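Student: no FASTA, just this:
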DNA sequence: CACTATTCTGAATCATCAG
DNA sequence: TCTGATGATTCAGAATAGT
């Protein structure tokens, strides 16, 4: 296994690892041994969906399971699929950074087993995301509902991992300024995007749309991050990662897929820095202490602050704290106290008066952040 | 356990069993012993979700979120939850007719375990159905996607059961003559439908909307069939079953819920057959986010948008936001910003050029909408 | 009464940093 | 690893209050 096919170097620096931006040929679990612990920022996995349906069943080593009896076979099928799932998920978990996250896509045939095993392995589920297809295949026999969606599970490495990347502001801004929901609408991969061989036949049976991968990669990674796809197939993950300025690692067993994916990725043109910049919120801004407003003279000791409706008021003290009716504390503590709350964002709660108009002191923080005008 | 509370007899014939159209008080598994083998046509189960909540959660306005922390939703571990799930599913399977089907609803906290166990117990999964909520609770901390759906699993008793009821034509006719998809859109239960006590507080924390149950019961049962709900709660299943001319059996442990459900069901008037077909409302025009245009390739990152008179311009970024002269934001925010306004409809303000002609990006939204299939 | 503004709420695994 | 301080964060719809 593991013939390493180096492809490109997105970052135009010395490639830190031989496996970076390459497709590793081999079985998923074995090939992952080429990667160090905690070396990838995100994983997108599109594992085999259904090993019990089509009559044939393959073990992790691809040997055919010889079905003997219906009942026994069904039990054995799930067992084998579970063992396979457990193995690749464990291998993925080892190479995932502590603050990395993993996506797994599946259908009702396999996603419940996958999800339960992920929980058993201490992955911490963050969301299940529904990919609603605009153009799903009809149900031909009319004996079920049209299977019009697939399910993705998004999870962090464990419950304690709070620092995972989630570009909340960017997703919200791109979604008409309301937060992104767990149900996404995309067409299936078809038309020019669908890879086809010389015979005109599709290269891969389950090629995922680039739009889907784009939203995934934009949501949970930063430019320069490493995205692993342990079931690389036609290389959608790699193509989108490259376009979005991310690094990728693919694992794939079949040479035909590797060839198609390599050519596909080679033709991808990465986007520029301007296009890749994403919206960030206040979280990403540097912290400013209220005291620096006092020190810079934007507010003065003795000055009175009120809430937006003048129901509460407080006096600024020289040390950058507030006092009101015998209570005192930071802008946050005192804001909480006067309202009887546990917590309060003093920056948006307290207002100062300018030309008869009340403005939040957050406006003054913005002045500090943007750089004070030069004064003597 | 098992004090039988007979309620009504929908079919106006001699009640064939004491438990028909009644609520059995007791633990789910034990109470099911009151029912013979293969005695119900359909099951709707809304088991505890096993939410694992950390502390308290406040909205941005500091109000407290009334979380589901009831005793019945507390389980010591996944192992304990799995054992519980296995037990009630097995008991349900015994009383289900060979051609009966079962629905189980859950969230990502529990549905994967439930689904895997159903497969292990030889239930045969027919569909997973997504209930998309029109008005889900937001994600208040901005650390995840808004959890905007719940998942239902629809399964037959075993793989060989081919004769289950599925009212394909009725569903299709009610869905603008296209087959019913696996993603359904309904509001959460609120307003007058939501049961409230004398204190004005909700009777049950997780009351399901009647519209959801109506579609379920209409899809897989016939008038006169028996629908079992092993976690009866506020009795939505019973109320809808009665309205739709089906029989029901409910199992519930808590007397408060039983009392509320009994009164609720007593006040239900069964509908005539004619009225049963007008249950699906007309679907609102789907909202399309600007990012869908980027993701679908109708516009590209790096592309320049202008206003109709080319006085302002902006560059599209990969995350679906715009940037212009150092400012950035959604199509609406940046449109407002460059004009010095508070608000702006970005869809009509921003234009793209095609064959030398400026067209509003709203035209592209129309393309997306026209590509949408009929749903809900 | 009509209309507007405000408040309330829903199955939620919901923060981060310095010390 | 724990504690305390800082300060970031919400959408749709219904109910209620105010004009």
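Tutor: All right, it came through fine. Computed from a predicted structure; not experimentally measured.

Student: quick one: the helices in the stretch 1-150 of chain A?
Tutor: Applying DSSP state H, counting those that start in this stretch to the stretch 1-150 of chain A gives helices spanning A:28-31, A:70-95, A:111-120.

Student: Settle this for me: residue A:44 is touching residue A:235, isn't it.
Tutor: No: counting by C-beta atoms under 8 Å, residue A:44 does not reach residue A:235; the two are 11.6 Å apart. Bear in mind the C-beta positions are built from the backbone N, C-alpha and C, glycine included.

Student: what residues are up against residue A:314?
Tutor: Contacts for residue A:314 (C-beta atoms under 8 Å, 6 or more residues apart in numbering or on different chains) come out as A:304, A:305, A:306, A:322, A:323, A:324, A:334, A:338, A:350.

Student: List just the nearest of these to residue B:67.
Tutor: Set against residue B:67, the nearest of those by C-beta to C-beta is residue A:338 (26.9 Å).

Student: can you tell me how far the residue nearest the centre of chain A sits from residue B:105?
Tutor: Closest to where the C-alpha atoms of chain A average out (C-alpha atoms, centre = their mean) is residue A:220, at 2.3 Å. From residue A:220 across to residue B:105, the span is 28 Å (C-beta to C-beta, to the nearest Å).

Student: Low-confidence bits of chain A, can you list those?
Tutor: For chain A, the stretches with pLDDT under 70 are A:1-15, A:50-76, A:372-376.

Student: Point out the residues in it that sit beside DNA strand C.
Tutor: Taking C-beta under 7 Å from any atom of the strand as the contact definition, chain A meets DNA strand C at A:119, A:124, A:125, A:126, A:127, A:162, A:163, A:283.

Student: which ones among these are found in strands?
Tutor: Per DSSP state E, strands hold the following members of the residues of chain A next to DNA strand C: A:124, A:125, A:126, A:127.

Student: Would you mind trimming the residues you listed to those in range of chain B?
Tutor: Restricting these to those near chain B by C-beta under 8 Å from any C-beta of the partner chain leaves A:125, A:126, A:127.

Student: Angles on the backbone of the closest residue to the second one other than its chain neighbours, please.
Tutor: Taking C-beta to C-beta, 6 or more residues apart in numbering or on different chains as the measure, residue A:126 lies nearest to residue A:154, with 4.8 Å between them; neighbours along the chain are not counted. As for residue A:154, its main-chain torsions (degrees, to the nearest 10) stand at phi -110, psi 130.

Student: same check, this time on the one 3 residues further on
Tutor: The main-chain torsion angles of residue A:157 are listed as degrees, to the nearest 10 and equal phi -60, psi -40.

Student: Next up, the contacts around it.
Tutor: A:93, A:96, A:97, A:98, A:99, A:100, A:101, A:102, A:123, A:124.

Student: Around DNA strand D, which positions in the stretch 201-350 of chain A sit nearby?
Tutor: Contact residues (C-beta under 7 Å from any atom of the strand) of the stretch 201-350 of chain A with DNA strand D: A:281-283, A:285, A:287-290, A:329-333, A:336, A:343-348.

Student: Kindly recompute the last result at 10 Å.
Tutor: Selection of the stretch 201-350 of chain A residues close to DNA strand D by C-beta under 10 Å from any atom of the strand yields A:280-292, A:320-321, A:329-336, A:341-349.

Student: Mind checking which of those residues are in strands?
Tutor: For these, the ones inside strands are residue A:329, with DSSP E as the criterion.

Student: Tell me which ones among the residues of the stretch 201-350 of chain A next to DNA strand D also neighbour chain B, please.
Tutor: Checking these against chain B (C-beta under 8 Å from any C-beta), the matches are A:281, A:341, A:342, A:343, A:344.

Student: still on that earlier bit, and the residues of the stretch 201-350 of chain A next to DNA strand D, which are buried?
Tutor: Buried residues within these, counting neighbours by 16 or more other C-beta atoms under 10 Å in any protein chain shown: A:288, A:290, A:320-321, A:329-336, A:344-349.

Student: And chain A, split by domain according to the record?
Tutor: The record's domain parsing of chain A by the TED database lists A:3-276, A:290-371.

Student: Deepest-packed of those, please.
Tutor: Greatest average neighbour count among the domains of chain A goes to domain A:3-276 (a mean of 19), per mean count of other C-beta atoms under 10 Å in any protein chain shown.

Student: The residues of chain A next to DNA strand C: which two are farthest apart?
Tutor: A:119 and A:283 (28.6 Å).

Student: one step back: tell me the one among the ones in strands among the residues of chain A next to DNA strand C nearest to DNA strand C.
Tutor: DNA strand C has its nearest neighbour among these in residue A:125, at 3.6 Å by C-beta to the nearest atom of the strand.

Student: For beta bridges, what are the partners of the closest one?
Tutor: Beta-bridge partners for residue A:125, by DSSP bridges, are residue A:155.

Student: wait, doesn't residue A:196 sit right on residue A:204?
Tutor: No: using C-beta under 8 Å as the test, residue A:196 is too far from residue A:204 to be in contact (10.0 Å).

Student: can you pull the contacts of residue A:228?
Tutor: Taking C-beta under 8 Å, 6+ apart as the test, what residue A:228 contacts is A:35, A:40, A:42, A:43, A:44, A:92, A:95, A:96, A:248, A:249, A:250, A:251.

Student: Please report how far the fourth one lies from DNA strand C.
Tutor: Here the distance between residue A:43 and DNA strand C works out to 17 Å (C-beta to the nearest atom of the strand, to the nearest Å).

Student: Run through the bridge partners of that residue.
Tutor: For residue A:43, the beta-bridge partners are residue A:102, residue A:228 (DSSP bridges).

Student: can you tell me the helix or strand for residue A:249?
Tutor: strand A:247-252 (DSSP states H and E).

Student: What is the subsequent helix or strand relative to that strand?
Tutor: Next in sequence after strand A:247-252, counting helices and strands by DSSP H and E, comes helix A:255-266.

Student: Centre of the chain to that following helix, how far?
Tutor: Helix A:255-266 sits 25 Å away from the centroid of its parent chain (C-alpha atoms, centre = their mean, to the nearest Å).

Student: likewise stretch A:236-255?
Tutor: Chain-centre distance of stretch A:236-255: 16 Å, with C-alpha atoms, centre = their mean.

Student: Wondering if that stretch reaches chain B at all.
Tutor: Yes: shown here: stretch A:236-255 in contact with chain B (C-beta under 8 Å from any C-beta) through residue A:244.

Student: so what's the closest residue to residue A:328 other than its chain neighbours up against?
Tutor: In this structure, residue A:328 finds its nearest non-sequential neighbour in residue A:321, 5.7 Å apart by C-beta to C-beta, 6+ apart. Each residue near residue A:321 by C-beta under 8 Å, 6+ apart is listed here: A:328, A:329, A:330, A:331, A:334.

Student: Hmm, the second one is touching residue A:317, no?
Tutor: No: the pair residue A:329 / residue A:317 is not scored as a contact, 10.2 Å apart, by C-beta under 8 Å.

Student: Among the contacts of residue A:157, which one lies nearest to residue B:358?
Tutor: residue A:101 (40.9 Å).

Student: That closest one contacts residue A:156, correct?
Tutor: Yes: taking contacts as C-beta under 8 Å, residue A:101 lies within contact range of residue A:156: 5.2 Å.

Student: Identify the contacts common to these two.
Tutor: A:126, A:164.

Student: contacting residues around residue A:249?
Tutor: With contact taken as C-beta under 8 Å, 6+ apart, residue A:249 is in contact with A:19, A:20, A:21, A:22, A:23, A:24, A:35, A:40, A:226, A:227, A:228, A:229.

Student: end-to-end on stretch A:135-148?
Tutor: Taking C-alpha to C-alpha, to the nearest Å, the first and last residues of stretch A:135-148 lie 8 Å apart.

Student: on that earlier part again, any chance of the residues of chain A next to DNA strand C in CSV, plus distance to residue A:145?
Tutor: CSV is the format used below for the residues of chain A next to DNA strand C (distance: C-beta to C-beta, whole Å):
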residue, distance to residue A:145
A:119, 27
A:124, 31
A:125, 25
A:126, 27
A:127, 23
A:162, 38
A:163, 40
A:283, 41
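
Student: can you put the contacts of residue A:157 in JSON lines and add distance to DNA strand D?
Tutor: Formatted as JSON lines, these follow (distance: C-beta to the nearest atom of the strand, whole Å):
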{"residue": "A:93", "distance to DNA strand D": "18"}
{"residue": "A:96", "distance to DNA strand D": "18"}
{"residue": "A:97", "distance to DNA strand D": "16"}
{"residue": "A:98", "distance to DNA strand D": "11"}
{"residue": "A:99", "distance to DNA strand D": "14"}
{"residue": "A:100", "distance to DNA strand D": "18"}
{"residue": "A:101", "distance to DNA strand D": "19"}
{"residue": "A:102", "distance to DNA strand D": "22"}
{"residue": "A:123", "distance to DNA strand D": "18"}
{"residue": "A:124", "distance to DNA strand D": "16"}
